[in-house]
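In: the sequence and its predicted three-dimensional model are supplied below.
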Amino acid sequence: MTETTYRSGFACFVGRPNAGKSTLTNALVGQKIAIASSKPQTTRHAVRGIVTREDGQLVLIDTPGLHRPRTLLGERLNDLVRETWAEVDVVGVCLPCDQRIGPGDRYIVSQIAELRNKPKIVVLATKTDLVSKARVLSHLVDVGKLGEELGIEWADVIPCSATEDDQLDVVADVLMGLLPEGPMYYPDGEITDEPEETLIAELIREAALEGVRDELPHSIAVMIDEIIPRADRPEDKPLLDVFATLVVERDSQKGIVIGHRGSRLKEIGTEARQQINRLLGTPVHLSLHVKVLKEWQRDSKHLNRLGF
Ligand SMILES: Nc1nc2c(ncn2[C@@H]2O[C@H](COP(=O)(O)OP(=O)(O)OP(=O)(O)O)[C@@H](O)[C@H]2O)c(=O)[nH]1
């Protein structure tokens with residue numbers, strides 16, 4: 001009998017906004033954990049997904065994007081990204097096939113290349129389903145050139161699609177194979193070690209982001225005020241009361257989030273409640289309030305309160 005090596009470790013996906021990082025994380029983990037939305041820059045927390053297999057365990061860390069910082073929030077996010085990169089074994093650089101490789105991608109990759117403790121770097125050529133085979137090929141040629149230009153040896157380059165399940169097994173195999181020998185860090189079946197509260201807040205934020213435009217996505221944060229099991233419920237029919245506050249930066253944004261006679265807020269509540277039910281497997285009653293914290297992104301006290 002041959003002994004197989006058990007591998008374990010950490011990986012994160014990086015790439016420009018909308019590159020498909022969250023969707024790929026979700027697809028690999030097989031359950032909705034990281035926030036995925038069609039609006040760029042919506043991933044803020046380092047949400048982890050865990051892929052446990054017979055041959056190893058891969059812990060995926062979902063980082064926010066790296067941007068030229070314009071606010072205190074921006075600076076903190078960049079620090080968080082660099083800290084994360086220094087901790088992981090593998091970084092998956094997501095370069096979507098439907099976009100040309102640009103200065104933004106070059107900047108991100110060059111920042112990783114400059115790290116002292118460099119992780120292994122894999123290129124994930126995402127969203128293959130959106131383009132022709134010929135375009136995928138020319139994209140892969142450009143990926144090769146990018147590596148040469150920056151003096152990086154890619155550990156692997158994998159074209160894939162998270163939404164069409166194209167080559168996701170290869171992505172999982174390759175990432176797993178690049179991990180060091182190690183123990184199972186988390187019990188089998190555990191998908192994330194993020195506190196439930198954070199996940200609930202992310203689900204509410206995601207619901208609030210649906211259909212909003214421009215500035216607003218960056219201005220919304222969610223605070224969970226309280227989660228309490230309803231007292232008078234039988235044990236086999238629990239109900240959770242979740243009290244949460246949607247924080248915006250301006251009065252005008254408050255109006256948008258609440259909507260005409262509260263219609264928008266109601267929609268957000270319904271959508272978020274369904275998602276939370278699914279996450280916890282328990283019915284919840286969700287009370288949402290909207291509050292204006294002026295310029296919270298620039299205020300360190302507000303940022304601390306909101307968990308940044
Ligand atoms: N067609 C297609 N669309 C995809 C694929 N992967 C992601 N998308 C879409 O691309 C958009 C962005 O995906 P996300 O996973 O949120 O991207 P992200 O890189 O996490 O984005 P940020 O959080 O803004 O950094 C969403 O609308 C996804 O549905 C894919 O493989 N194929």
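Out: Perfect, thanks for sending it. Residues are numbered from 1 along each chain as shown.
In: quick one: contacts for the closest residue to residue 10 other than its chain neighbours?
Out: Using Cβ to Cβ, 6 or more residues apart in numbering and skipping residues adjacent in sequence, the residue nearest residue 10 is residue 88, 4.3 Å away. Bear in mind the C-beta positions are built from the backbone N, C-alpha and C, glycine included. Applying Cβ atoms under 8 Å, 6 or more residues apart in numbering to residue 88 gives the contacts 9, 10, 11, 12, 61, 119.
In: check pLDDT for the residues you listed and point me to the minimum.
Out: Least confident by pLDDT among the contacts of residue 88: that is residue 61, with 77.
In: quick one: average pLDDT of stretch 231-249?
Out: Stretch 231-249 comes out with an average pLDDT of 87.
In: restrict it to CA atoms and write it as CSV.
Out: Presented in CSV, the C-alpha positions along stretch 231-249 are these (Å, rounded to 0.1, in the frame of the first residue of the first chain):
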residue,chain,number,x,y,z
ALA,A,231,-38.0,32.9,23.9
ASP,A,232,-41.3,31.2,23.6
ARG,A,233,-40.5,28.8,20.8
PRO,A,234,-40.6,25.0,21.1
GLU,A,235,-37.1,23.4,20.8
ASP,A,236,-37.8,21.8,17.5
LYS,A,237,-39.1,25.0,16.0
PRO,A,238,-36.6,27.7,16.8
LEU,A,239,-36.8,31.3,15.5
LEU,A,240,-34.0,33.8,15.6
ASP,A,241,-34.5,37.5,15.9
VAL,A,242,-31.8,39.4,14.0
PHE,A,243,-31.5,43.1,14.5
ALA,A,244,-29.2,44.9,12.1
THR,A,245,-28.4,48.4,11.0
LEU,A,246,-27.6,49.4,7.5
VAL,A,247,-25.1,52.2,7.6
VAL,A,248,-24.9,54.8,4.8
GLU,A,249,-22.9,58.0,4.5
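In: list the buried residues of that stretch.
Out: 240, 242, 244, 245, 246, 247, 248, 249 (16 or more other Cβ atoms under 10 Å).
In: which element, helix or strand, includes the nearest residue to the fifth one once chain neighbours are set aside?
Out: Distances taken as Cβ to Cβ, 6+ apart place residue 290 nearest to residue 246, at 4.8 Å, with adjacent residues excluded. Residue 290 is part of strand 284-292 when elements are defined by DSSP states H and E.
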